[in-house]
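**Q** Whatever this is, show me its structure:
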Amino acid sequence: MAVSSAPGKVYLFGEHAVVYGEPAVPCAIELRARVDVEQRADSKLRVHAEDLSLDGFTVEYAGEPEGRPDVDVSESLLNAAMGYVDSAIEQVRSVTGEDDVGFDVTIESDIPLGAGLGSSAAVAVAAIDAGTRELGTTLEIDDLAERAYRTEHEVQGGQASRADTFCSATGGAVRVEGDDCRSLEAPELPIVIGFDGGAGDTGELVAGVRGLREEYDFAADTVEAIGDIVRRGEDALAAGDIEELGRLMDFNHGLLSALGVSSRTLDSMVWAARDAGAMGAKLTGAGGGGCIVSLDDTNETETALSYTPGCEDAFRAELAETGVARLE
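**A** The predicted structure is shown next:
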């Protein structure tokens, strides 16, 4: 059996705009998906999964899954989750040339599904890494990130960026612009996360922004303006200017709201964090529900979020300097 883990992430800047070639800066955080992969004697795939938003389910199948696991998540979210595992295993088979190999796959994740913290990227990275190692192949990190990207690209209908998977594979803060992916130096960031217990539909949200961008020139300008914020954010990150990072995060949230990807609970958590003295706060990920990220080196924001209606959980997250971790 091979076991790998990979971190989730928050976006300091640039989600959605990165789909249109603008830069984005995500940071890996110490919430992890751990994937155990063990080769089977047959060609079936057995998947057992648990995370913060699932009570856990197990399915075993050859070819297409039969039936829907009895779990309390949306059909689209569940299909996406299963799709990531299927596609990741196809990457393992492609790398190794073992087209008919079967696996038992166990996923344990600290990262809530579909909440903007990169759960799918972390699962894809860890599953491909553990699956290939189970068959005697160890991928270089760049190759691993590329294959995890192909997994997301397939499941998300060609609308994925390399940001999430590259960040999860390498750890730390990264900059992604098109095919150009690189690591960034980053100061210690006082990250506080608020989670509303929900999840957005990434496909619908990305399609919604695409529709606005095609219909309205000012929506296209908004996407470009997010790119400008990212470039200023890179300078602030390099200078270790956390107060400027926070101000730019506030701007970024306003533009994402204008594109229609925020929600009532996300806005409530963002304003609760700001009112508590956070240096900046914004939604992270696709939006529509899920998580916000804020910067505050005191306990005030975490406390305020814990009393904010609609906020199910508030916690501090450390920057994950290590990306994929090979545990067994």
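**Q** worst-scoring helix or strand of this structure, pLDDT-wise?
**A** strand 54-61 (a mean of 54; mean pLDDT, DSSP states H and E).
**Q** which regions of the stretch 51-200 of the chain sit below the pLDDT cut-off?
**A** For the stretch 51-200 of the chain, residues meeting the criterion pLDDT under 70 lie at 51-81.
**Q** now with 80?
**A** Residue ranges of the stretch 51-200 of the chain with pLDDT under 80: 51-82, 113-114, 156-160.
**Q** all helices in it, in order from the N-terminus.
**A** Along the stretch 51-200 of the chain, the segments classed as helices by DSSP state H, counting those that start in this stretch run 75-96, 119-134, 141-155, 163-170.
**Q** Mind giving me the packing neighbours of the third one?
**A** Using 3 or more CB pairs under 8 Å, 6 or more residues apart in numbering; DSSP states H and E as the contact criterion, the elements in contact with helix 141-155 are helix 75-96, helix 119-134, helix 163-170. (C-beta placed from N, C-alpha, C; glycine too.)
**Q** quick revisit: between the helices of the stretch 51-200 of the chain, which gets nearest to Pro23?
**A** The closest of the helices of the stretch 51-200 of the chain to Pro23 is helix 163-170. By CB to CB, the value is 9.1 Å.
**Q** how much space between the closest residue to Glu312 other than its chain neighbours and Gly288?
**A** In space, and not counting its chain neighbours, Glu312 is closest to Gly197: 3.5 Å by CB to CB, 6 or more residues apart in numbering. Applying CB to CB, to the nearest Å, the value for Gly197 to Gly288 is 13 Å.
**Q** Between these two, which is the more surrounded one?
**A** Set side by side, Gly197 and Gly288 show more neighbours around Gly288, with 21 against 16, by other CB atoms under 10 Å.
**Q** doesn't that one fall inside a helix?
**A** No. Assessed with DSSP: H, G, I helix; E, B strand; the rest coil, Gly288 is coil; it does not lie in a helix.
**Q** For the stretch 101-250 of the chain, just list every one of the strands.
**A** Taking DSSP state E, counting those that start in this stretch to define them, one finds strands in the stretch 101-250 of the chain at 103-109, 173-177, 180-184, 191-195.
**Q** out of these, deepest packed?
**A** Among the strands of the stretch 101-250 of the chain, strand 191-195 has the highest mean neighbour count (mean count of other CB atoms under 10 Å), at a mean of 26.
**Q** May I have the strands that pair with that one, each with its orientation?
**A** Pairing partners of strand 191-195, with direction, according to DSSP bridges: strand 291-295 (antiparallel), strand 313-317 (antiparallel).
**Q** Name the strands paired with the helix or strand that the last one is followed by and say parallel or antiparallel.
**A** Following the chain from strand 313-317 toward its C-terminal end, the next helix or strand by DSSP states H and E is strand 325-326. Sheet pairing for strand 325-326, assigned by DSSP bridges, gives strand 2-13 (antiparallel).
**Q** Report the buried residues of the helix or strand following the strand it pairs with.
**A** Per DSSP H and E, the first helix or strand lying C-terminal to strand 2-13 is strand 25-39. Buried residues in strand 25-39, counted by 16 or more other CB atoms under 10 Å: 25-38.
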